[in-house]
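> My questions concern the predicted model and sequence given below.
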Amino acid sequence: MNSKYDLKPLFEPRTVAVIGATDVPRKIGDTVISNLIFGGFKGEVFPVNPYMEKVHGMETYPKITDIPKEVDLAVIVIPAEHVPQAFRECAEKKVKACIIITAGFSEVDEKGRQMQEEIAKIAEENRIATVGPNCMGHINNSLSLNTLMANIFPPKGNISMVSQSGTVGLVLMGEIARRGRGVSKFVSSGNEAVLKLEDYLEYFTYDPETKVVAAFVEGIRNGERFLKVTRELTKRKPFIVIKAGRTSAGANAARSHTASIAGSNQIFNAVAKQNNIITCEGTEDLIDYTMAFSMGILPQGRRVGIITPGGGWGVLAADACEEYGLEVTKLPQNIVDRISERAPPYWSHGNPIDLAATRDVDTLTWSGDILFENDVVDSLIIQFFAGDLSVMIKNWRERGSMSEEYLRRTEQTYRQIMQKIAVDSAKLVEKYKRPVFGITRDIEFTQMLVSRGIPTYVDPRKVARCIRKMWEYREHLNKRK
């Protein structure tokens, strides 16, 4: 790695000190140390606070230099004017990494800028890998390490994220978790006085627990290094970015938020295209793409098969695929004949394969097996259950016209159908090593599919965009070889 700083003590500390720790509810110092203590962190935690003898029943030290053991990571949550002195004491203690959550530095005024410069100088002289200031902490789920200033615990997964906005990052991470995917590592980079965006990206490049890297970026401080780091990153892993500060209003807001240099949007887009960086128009795109890349196998081509029990949904999917440059493959006659052996006589006899409300739901995934087996398509979209089962059952129950026993059996039957489709879809991916995508509006069915590695969305356009991005990424990788 080319970074001047070792990020291992930051993401893999054995000991963590919290400067400003407290057990007073709603205080940031309480949130941070509670996340560490009660979140299951596998290392040792030391509260530091000169005004308290105990924090959550733990011995508390007046200064970090009073701790009798080595400290790998210090988290600072005290008022800004006291941070430089606390940071000098971290250097005296030979702390290897530090997170400064406190705000009030270069994003505020000249005095704050001077304090931030002093911190940066101390960090450089002592090689302290420092996050922030003005950040919201970080996560390493493999160690149950959580220093966030919010009580958020995403499940463990293969996505790592860096965000120059803490709140945006937390929302994105939370939404990814809500949709059934987990996080490996997360860092809110803040003002980036010491560690820059590129340092985290470089670390994630070689992190074996990271499959996909996502970022919310307001500004690039070192364009040359960004180019070099991302060129190596995208050879190994997808890098998905939403770039803020694209307009003059956004750029001004970025400067006042984290003192970022927003830079030219045209230059950023050119660099992204050159380096195979996956760019997003908005937060929904970042969530959708990250979900797809974290689960899906990259398609080998643009050919898409669409299977649906409802014709209208098939039309929407076909439109979306063609609009995004994908090929809705014309089915060879021998494939039409083969599917006709099992499908109802009124099926569409083409792609999309509209099975017209067939009751033989096994035909959905069986048709996909035929397409993959005969190398007709590179990706498969399976649409099923346009409504939400729980809402349907609730409405029926409220009407009071059906017996509870009938509703129970109906609900159980639909769940069994969903479970079968989810299991069989996952078997297709495993058997053919080709991606399968789901479209449904049923929350429970979505969870069944996602838990088995099937990227699932509510709208065909989202699926088409994801397939297009995944195919483009693969094409760019092939050109590099």
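Arrived safely.

> Glu322 contacts Val328, doesn't it?
Yes. Under the criterion of C-beta atoms under 8 Å, Glu322 makes contact with Val328 at 6.1 Å. Every residue, glycine included, has its C-beta placed from N, CA and C.

> Mind checking which of these two has more residues around it?
More crowded of Glu322 and Val328, by other C-beta atoms under 10 Å: Val328, with 22 against 13.

> Report the contact partners of the more buried one.
By C-beta atoms under 8 Å, 6 or more residues apart in numbering, the contact set of Val328 is Val304, Ile306, Ala318, Cys321, Glu322, Asn351, Pro352.

> and the next element down the chain from the helix or strand hosting Ala320?
Using DSSP states H and E, the element containing Ala320 is helix 311-323. Next helix or strand after helix 311-323 toward the C-terminus (DSSP H and E): strand 327-328.

> can you give me the mean pLDDT across stretch 424-443?
Over the span of stretch 424-443, the pLDDT mean works out to 96.

> Strands of the stretch 151-300 of the chain, start to end?
Secondary structure of the stretch 151-300 of the chain (DSSP state E, counting those that start in this stretch): strands at 156-163, 183-188, 212-217, 239-243, 278-280.

> can you pull the buried residues of stretch 134-143?
Asn134, Cys135, Met136, Gly137, His138, Ile139, Asn140, Asn141, Leu143 (16 or more other C-beta atoms under 10 Å).

> where in the stretch 301-450 of the chain is pLDDT low?
357, 386 (pLDDT under 70).

> can you give me the helices in it?
Secondary structure of the stretch 301-450 of the chain by DSSP state H, counting those that start in this stretch: the helices cover 311-323, 333-340, 362-373, 389-399, 404-432, 443-450.

> what about Asp360, how many residues close to it?
With other C-beta under 10 Å as criterion, Asp360 counts 11.

> how close does the closest residue to it other than its chain neighbours sit to Trp313?
Spatial nearest neighbour of Asp360, chain neighbours left out: Arg342 (7.4 Å); criterion: C-beta to C-beta, 6 or more residues apart in numbering. From Arg342 across to Trp313, the span is 21 Å (C-beta to C-beta, to the nearest Å).

> what's the answer for Ser188, then?
40 Å.

> quick one: the helices in the stretch 1-150 of the chain?
8-11, 28-38, 83-92, 110-126.

> contacting residues around the spatially closest residue to Thr205 that is not a sequence neighbour?
Once flanking residues are discounted, Thr205 sits nearest to Leu233: 4.4 Å by C-beta to C-beta, 6+ apart. Contact analysis of Leu233 by C-beta under 8 Å, 6+ apart lists Leu201, Glu202, Phe204, Thr205, Val213, Phe239.

> how does it look with 7 Å?
Leu233 makes contacts with Leu201, Thr205, Val213, Phe239, as judged by C-beta atoms under 7 Å, 6 or more residues apart in numbering.

> same check, this time on Ile122
Phe87, Arg88, Ala91.

> Hmm, the last one is touching Ile128, no?
Which is Ala91. Yes. Ala91 is within contact range of Ile128, at 6.4 Å (criterion: C-beta atoms under 7 Å).

> ok, these two, which is more surrounded?
Between Ala91 and Ile128, Ile128 has the larger neighbour count (other C-beta under 10 Å), namely 25 against 15.

> What separation do you get for that one and Ser189?
Taken as C-beta to C-beta, the span from Ile128 to Ser189 is 15 Å.

> Over to Ile306?
Applying C-beta to C-beta to Ile306 and Ser189 gives a distance of 41 Å.

> mind giving me the domain split of the chain?
Per automatic domain parsing, the domain ranges recorded for the chain read 1-135, 154-295, 298-480.

> Neighbour count for Arg342 and Trp313, which is higher?
Trp313 (20 against 15).

> Give me the spatial nearest neighbour of the more buried one, chain neighbours excluded.
Gln383 (4.8 Å).

> neighbours around the spatially closest residue to Val458 that is not a sequence neighbour, how many?
Spatial nearest neighbour of Val458, excluding adjacent residues (C-beta to C-beta, 6+ apart): Arg441 at 5.2 Å. By other C-beta under 10 Å, the residues close to Arg441 number 15.
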